[in-house]
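> Based on what follows, work out the 3D shape:
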Amino acid sequence: MMYFKLAYRNIRRSLRDYIIYFVTLTLTAALMYSFLALGFSPDILAMAENMSILTSGILILSVLVALLSSFVVGYAIRFMLGQRRKEFAAYELMGMEVKTVRNLFLVENGIIGGAAFLLGSLLGTGLSGFLNQVVQNIFEVPHHYQILFSLRAWGMALFFFILMYGFGMLRAAKVIRRRKVIDLLYDSRKNEETGFRPLHRSVLACLLSLAAMVAGVILLGKGLHIQTNEAILYWGGGCLLILTGVYEMHRKIPILLYQLAKRNPRRKYREENLFFLGQIGRRIQSSGRTMAVVAILLTVSLATMFVGLTMGAGYKANMEAYYPYDAGVAIDAPLTKGSLDSVRSFVAEHCEVEDSVTYYLYTVPHKAIEALSLSDYNHLREILGLSPVPMNSNEFLVHCDTWNYMDGIRQGLEQQPEITLNGRTLTPAETPIRTEPMEQYQMAGTKGYVLVLPDEVAFQLSGEKIRLAMKLADGGYPELKNELKQFLNSGEWQPDIQPGQELPDRVTMGVTVKAWGVANSLTGFTTISFCGLYLSIIFIILSCAVLAFEQLSAIDQNRKNYAVIDRLGVSGRRQISLIHRELSTVFLIPLFFPIVLTILLIVGTQFIFGEAILQEGLVLFYGVVTILLFCAIYLTYFCATMFLFKRVNLRPEMR
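Purely as a prediction, here's the structure:
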């Protein structure tokens, strides 16, 4: 009880030293619990047979998160030991045993850790409800926000938190036991090693780092065009060169800029710049490697978050366009419509068919486009829950749900507003282009767009491809796809060929079942997206925590420096401005290249994969989401560090 009272008093007295530590532990616990609750949620696991891979992925990542966080906990504990070394030395000089000092410190951290875990669990419970909604929305399951507590997830989160905290506390206990009183008293007065390499060597190192990053980007580009396992070597080599370049660039660019600034006397001696450059020089010298490592972690985190979010959302957008029908059969052969009646009957034996339409994709002479009759087109729209489209007998329209073809189609309609088929001239309808998702690479066309013609015009064309689209009462079930394939390839189905037509040398046949696509395709991409999001946010939090602790580690020396300029007559407003400049510079140094590389990744993804993603603007949207989410976390730590910095270095009336 004595330990607890003394520890509680010390926590209140040293509260400022614990703020960032407490925030980091709370956010880590909240994320750990919320993602584990998602992985153990019965509603989520019931969505697909292979949904357990999401649980496995989150559990594996939680072990990794616990191990990585333990290093940051140890780093934070060493920081707090440094801040309170004189206090502990005083305890020992007054006769308190080292074991007692160690136990007191462990009790303090136990209280902080316990409070952080409880608050994190509370926040994580609210966040888990939101994550559940996101997954249910991906799988098109009716949902509403609800808060559910998972005892199993809480127990696993507690286990990983104790694992994380235990490693950090063991290292702290060793440090306290091995430190001598003389070191605790005078460790802050040890001389710093200063000095930078010559300017020309810094310039050469920056150029080599830039060349390494450019070479890495080139290797990644070449790897995208290789279809063999050799591509892995290109990707691995490219990533290694980019990360090495980022590290060296962040080590050398600040030194180079610092040296150039000191070579300019007018800038160097203007106002308080000499003091500012001295502060930044010490930061670069003492924390340069840490900032470079943080830059690498931020680069990996931003790339992982963006790729995970974009991949999941992009596939979801494509799947909604690829599986708009509950079930569909596509055969590139001139069969009679009656040939597919037995296929419809087979499906009806297994599940109720509410509606269906058998139709042709007609060949348009001398045009690289297929055609649909207006009646079949409107029937498809009815199956999809869309309103019918009215059109005159002398009009046509183009349906295109693939946004990257839109501009070309609009230009084509402007250049050739009329078409002539079988002696009839047709003009564009009032709305010449329709864009609702209808799956236009297999069902409603095979090129990403289709021409819609009046029935009397379309029926005069040759229907060399036949399709069957069905709306099922219960949406169907995943196994229906394989059952349909087996029926079509069995001897039970006997199709008839249209009179005067012949089968092509190679007949292409496709079967789509929406339930199969949802159950088996989305699970993997959901796992990648959420695991990537989990790991990247944790990396960002840990990186920001390390950066904040690194800046606060020299806070005693900074207090003395700001006290000196205060006695020299520098106003409070100028001191606040110096603190803003100093911390902004230190936090921007590891941020510059990760943001630049992320923007290049977003632009490159849009350029290379933009046409493959059917939802326009999706890549840019999730690029912005990635940067905004990162900035929210980064600014939280920046503001917390700024608050502590001002509180320590400025007199109360200046804050």
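> Could you use CA atoms for every contact and neighbour count after this?
Fine.
> Phi and psi next, for K465.
Main-chain torsions, K465, degrees, to the nearest 10: phi -130, psi 130.
> gap between the nearest residue to it once chain neighbours are set aside and G236?
Among residues not flanking K465 along the chain, D332 sits closest, at 4.3 Å (CA to CA, 6 or more residues apart in numbering). Going from D332 to G236 by CA to CA, to the nearest Å gives 42 Å.
> now do Q575
47 Å.
> before we move on, the earlier item: so if I had to pick from D332 and G236, which one is more boxed in?
Each of D332 and G236 has its neighbours counted (other CA atoms under 10 Å); D332 has more, 20 against 14.
> Report the contact partners of the more buried one.
E464, K465, I466, V507, T508, M509 (CA atoms under 8 Å, 6 or more residues apart in numbering).
> go on, D376?
V357, Y359.
> hmm, back to that, restricted to strands, list the contacts of D332.
Secondary structure defined by DSSP state E assigns E464, K465, I466, M509 of the contacts of D332 to strands.
> Burial check on the last one, number of neighbours?
Using other CA under 10 Å, the number of residues around M509 comes to 16.
> where does the stretch 101-250 of the chain have low pLDDT?
Filtered on pLDDT under 70, the stretch 101-250 of the chain yields the residue ranges 140, 143, 171-197, 199, 224-225, 227-229.
> about what we covered before: just the buried ones out of the contacts of D332, please.
Neighbour counting with 16 or more other CA atoms under 10 Å marks E464, K465, I466, M509 as buried within the contacts of D332.
> can you tell me which of those lies nearest to A115?
The closest of those to A115 turns out to be M509 (CA to CA; 61.0 Å).
> Does the closest one touch A330 like I think?
Yes: counting by CA atoms under 8 Å, M509 sits close enough to A330 to count as a contact (5.7 Å).
> how about the helices in the stretch 201-350 of the chain?
Along the stretch 201-350 of the chain, the segments classed as helices by DSSP state H, counting those that start in this stretch run 230-262, 265-268, 273-322, 341-350.
> how much space between L31 and Y622?
Counting by CA to CA - L31 and Y622 are separated by 20 Å.
> of these two, who's got more company?
Just comparing L31 and Y622: by other CA under 10 Å the higher neighbour count belongs to L31, 24 against 21.
> For the more buried one, which non-adjacent residue is closest in space?
According to CA to CA, 6+ apart, the nearest residue to L31 is G124 (6.1 Å).
> Give me the neighbour count for that neighbour.
Residues within reach of G124, counting by other CA under 10 Å, total 27.
> And E414, by the same measure?
Count around E414 with other CA under 10 Å applied: 10.
> repeat for the one 3 residues further on
Residues contacting P417 under the criterion other CA under 10 Å number 13.
> Equivalent analysis for N103, please.
Using other CA under 10 Å, N103 has 16 neighbouring residues.
> and if you look at L297?
Under the neighbour criterion other CA under 10 Å, L297 is assigned a count of 22.
> Check what pLDDT it gets.
Note on L297: pLDDT of 84.
> dump the residue contacts of it.
Neighbour list for L297: F539, I540, S543 [criterion: CA under 8 Å, 6+ apart].
> buried ones in the helix or strand hosting the second one?
Counting by DSSP states H and E, the element that carries I540 is helix 514-552. Taking 16+ other CA under 10 Å as the basis for neighbour counts, the residues of helix 514-552 that come out buried are 514-519, 521-523, 525-552.
> So in the protein, where's the weakest helix or strand by average pLDDT?
helix 181-186 (a mean of 45; mean pLDDT, DSSP states H and E).
> gap between the residue nearest to L503 when sequence neighbours are not counted and R289?
Of all residues not flanking L503 in the chain, A333 sits nearest, at 6.1 Å (CA to CA, 6+ apart). Separation of A333 from R289 (CA to CA): 66 Å.
> Determine which of the helices of the stretch 201-350 of the chain approaches G113 most closely.
Nearest to G113, of all the helices of the stretch 201-350 of the chain, is helix 273-322, at 24.2 Å by CA to CA.
> any idea which element L628 lies in?
If you go by DSSP H and E, L628 is part of helix 618-649.
> and that helix, what does it pack onto?
Applying 3 or more CA pairs under 8 Å, 6 or more residues apart in numbering; DSSP states H and E, one finds that helix 618-649 makes contact with helix 15-40, helix 273-322, helix 514-552, helix 555-567, helix 572-588, helix 592-609.
> hmm, back to that, so which two of the buried ones among the contacts of D332 are the farthest from each other?
E464 and M509 (13.0 Å).
> would you say T420 is within a strand?
Yes: residue state for T420 (DSSP: H, G, I helix; E, B strand; the rest coil) corresponds to a strand.
> mind starting the numbering at 21 from now?
That works, and once the first residue is 21, the last one we named lands at T440.
> Does it have any beta-bridge partners, and if so which?
T445 (DSSP bridges).
> likewise L488?
Judged by DSSP bridges, the bridge partners of L488 are V349, T378.
> One more: the one 4 residues further on?
With DSSP bridges applied, the residues forming beta bridges to L492 are V373.
> Find the helix or strand that Y380 is a member of.
Element membership of Y380 [criterion: DSSP H and E] is strand 373-383.
> Is T447 in contact with T440, as I believe?
No: judged on CA under 8 Å, T447 makes no contact with T440 at a distance of 9.0 Å.
> Of these two, give the one with the bigger neighbour count.
With neighbours defined as other CA under 10 Å, T447 and T440 compare such that T447 has more, 18 against 9.
> Helix, strand, or coil at the more buried one?
strand.
> contacting residues around M176?
L56.
> what do you get for F180?
Counting by CA under 8 Å, 6+ apart, F180 has contacts S82, V83, A86.
> before we move on, back to that, quick one: the residue nearest to K485 and I429, what's the gap?
Per CA to CA, D352 is found 25 Å from I429.
> Tell me, how many residues neighbour G175?
13.
> Would you mind measuring from it to G134?
For G175, the distance to G134 equals 14 Å [CA to CA].
> which non-adjacent residue is nearest the residue most central in space within the chain?
With distances taken as CA atoms, centre = their mean, M325 lies nearest the centre of the chain, 2.2 Å away. Sequence neighbours aside, L553 is the residue nearest to M325 in space, at 5.1 Å (criterion: CA to CA, 6+ apart).
> wait, the one you found sits on T330?
No: if you go by CA under 8 Å, L553 and T330 don't touch, sitting 10.9 Å apart.
> With secondary structure as extra columns, can I get the contacts of F180 in JSON lines?
As requested, these are exported to JSON lines (three-state DSSP):
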{"residue": "S82", "secondary structure": "helix"}
{"residue": "V83", "secondary structure": "helix"}
{"residue": "A86", "secondary structure": "helix"}
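> For those residues, give me JSON lines that also has neighbour count, distance to V223 and pLDDT.
Formatted as JSON lines, the contacts of F180 follow (neighbours: other CA atoms under 10 Å; distance: CA to CA, whole Å; pLDDT from 0 to 100):
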{"residue": "S82", "neighbour count": "24", "distance to V223": "42", "pLDDT": "89"}
{"residue": "V83", "neighbour count": "16", "distance to V223": "42", "pLDDT": "88"}
{"residue": "A86", "neighbour count": "23", "distance to V223": "40", "pLDDT": "86"}
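> Now distance to H399 too, for those, in a markdown table please.
Below are the contacts of F180 laid out as a markdown table (distance: CA to CA, whole Å):
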| residue | distance to H399 |
| --- | --- |
| S82 | 50 |
| V83 | 53 |
| A86 | 56 |
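> wait, which of those residues is closest to R401?
Nearest to R401 among the contacts of F180: S82, at 46.1 Å, using CA to CA.
> Isn't the closest one up against M52?
Yes: using CA under 8 Å, S82 makes contact with M52 at a distance of 6.8 Å.
> what about the residue nearest to K485, distance to F613?
From D352 across to F613, the span is 51 Å (CA to CA).
> A565: what's it in contact with?
For A565, counting by CA under 8 Å, 6+ apart, the contacting residues are I40, Y41, T44, V92, Y657.
> now L151
Contacts were defined as CA under 8 Å, 6+ apart; by that measure L151 touches S54, F55, L58.
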